[in-house]
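Colleague: 3D, please:
(chains A, B and C)
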Amino acid sequence: MESGPGVDEFRRGLLAWYGENARDLPWRRTADPWAIWVSEIMLQQTRVAAVLEYYTRFMERFPNAAALAEADEAEVLAHWSGLGYYRRARMLHQAAKQIMAHGGQIPRTVTGLRELPGVGEYTAAAIASIAFGEAAAVVDGNVERVLIRYMGQSEEEESRALKTRIQEEAARLLDPERPADFNQAMMELGATMCLPRGPLCLGCPVQEGCATRGEHVTAPAKKMRSREMAYGLFRRKAWPKTEVLLEQRPADASLMAGMWELPEIEAKTAQEDAPALTVRHSITNTNYYVSVFVLNAQQSRELAGTENTREWIAARMLMEMPLTGLSRKILKRLKVMPGYDGPGPLHALEESTDRIVL
DNA sequence: CATACGTGGCG
DNA sequence: TCGCCAAGTAT
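Modeller: Numbers count the residues shown, from 1 in each chain, chains lettered A, B, ... in the order given. Sure thing, here's the model as predicted:
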């Protein structure tokens, strides 16, 4: 009853392939549960390439749960700024506090981990297996796609039944001797070989037992909406004391609550000059076409009133602000704040930069 | 169970 | 200028 057809071959083939092809990623070089936990949260719905730009810097500042628990939320968000899904950062912060309030030990089991805010079925299984060796099968988007293809799928199967079948198949195939490697191998296979479109079946280690060799129906996508808007980059004082006007989103906003951004201005208002910058920014299913106008302190008086907090922020402080990704992007493009040189500590605004370039 | 939640890159 | 994604969770 233990192993159905082909299970041993599946495990052997997959693990051998993973041994040869695993990408060298920072969170694969550690056995520290905290480091693995942080990586799993950052990787939720987020590309590896994007996480790499944040992970090391975050871990240097918050090397353990205690460090994060002691930090202010604003600083946590500042280190997450641009990564998206900020609720993840808030929940991770809450979870760290929760752990420190209960003795400081990270739970070692799926059941225990599942209690933590921000840790769902996938993440609990990932941490339990990778950090603690529990034989729990992970099912993320990659694994789901791999298994649907591997098992085959009938037209009339209900989605609930399919989910169950995927979970069961993942558990059946899981190598109980090496759950950490097996789970990561499954995800790696989905991420690098069993691609959503154009799967690389010829190089697939489990091709032989695969029912479909790559067929996969994808759900029709939702329509994108478009919206035009404009931001004002209001500035005052000369370099290096330059300040820009920022506005804080309401604490109860559904989107990016409590984070700071440039003040929005009337998109239609006749601006004398062309925008200093135009960018597209898509959030969920809305494409924002954003124009940014550079304005002076005088003109800030023409701003519409708001309940929100507005403050003049020194350019050199921007790195420490929990900015929205869009405002961060704009401030970097306009060289009001420096970009990152990849992973590493935050660096201060360089003194060599003479003045704002527009 | 559907929906909201962010972002940057690519064709 | 536009569609689609990528290691999910909470409600």
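Colleague: Wait, residue A:229 touches residue A:262, no?
Modeller: No: in this structure, residue A:229 is not within contact of residue A:262 by CB atoms under 8 Å, at 10.6 Å. From N, CA and C alone the C-beta is placed, and that goes for glycine too.
Colleague: more neighbours, these two?
Modeller: Each of residue A:229 and residue A:262 has its neighbours counted (other CB atoms under 10 Å); residue A:262 has more, 23 against 15.
Colleague: unless I'm mixing things up, that one is touching residue A:248, no?
Modeller: No: Residue A:262 lies out of contact with residue A:248 (CB under 8 Å); the separation is 11.5 Å.
Colleague: need the contact list for the nearest residue to residue A:318 once chain neighbours are set aside.
Modeller: Computed as CB to CB, 6 or more residues apart in numbering, the closest residue to residue A:318 that is not its neighbour in sequence is residue A:337, at 4.1 Å. The contact partners of residue A:337, taken as CB atoms under 8 Å, 6 or more residues apart in numbering, are A:315, A:318, A:319, A:328, A:331, A:349.
Colleague: Could you tell me the per-residue confidence at the last one?
Modeller: In this model, residue A:349 is scored at 32, pLDDT.
Colleague: what's near enough to touch the residue of the stretch 51-200 of chain A found nearest DNA strand B?
Modeller: Nearest residue of the stretch 51-200 of chain A to DNA strand B: residue A:84, at 2.8 Å (CB to the nearest atom of the strand). By CB under 8 Å, 6+ apart, the contact set of residue A:84 is A:46, A:325.
Colleague: does it count as helix, strand or coil?
Modeller: coil (DSSP: H, G, I helix; E, B strand; the rest coil).
Colleague: Low-confidence ranges, the stretch 151-300 of chain A, go.
Modeller: A:216-223, A:268-272 (pLDDT under 70).
Colleague: got the residue ranges for the helices in it?
Modeller: A:159-173, A:179-192 (DSSP state H, counting those that start in this stretch).
Colleague: and the last one, how far out from the chain's middle?
Modeller: For helix A:179-192, the gap between its own C-alpha mean and the chain's C-alpha mean amounts to 19 Å (CA atoms, centre = their mean, to the nearest Å).
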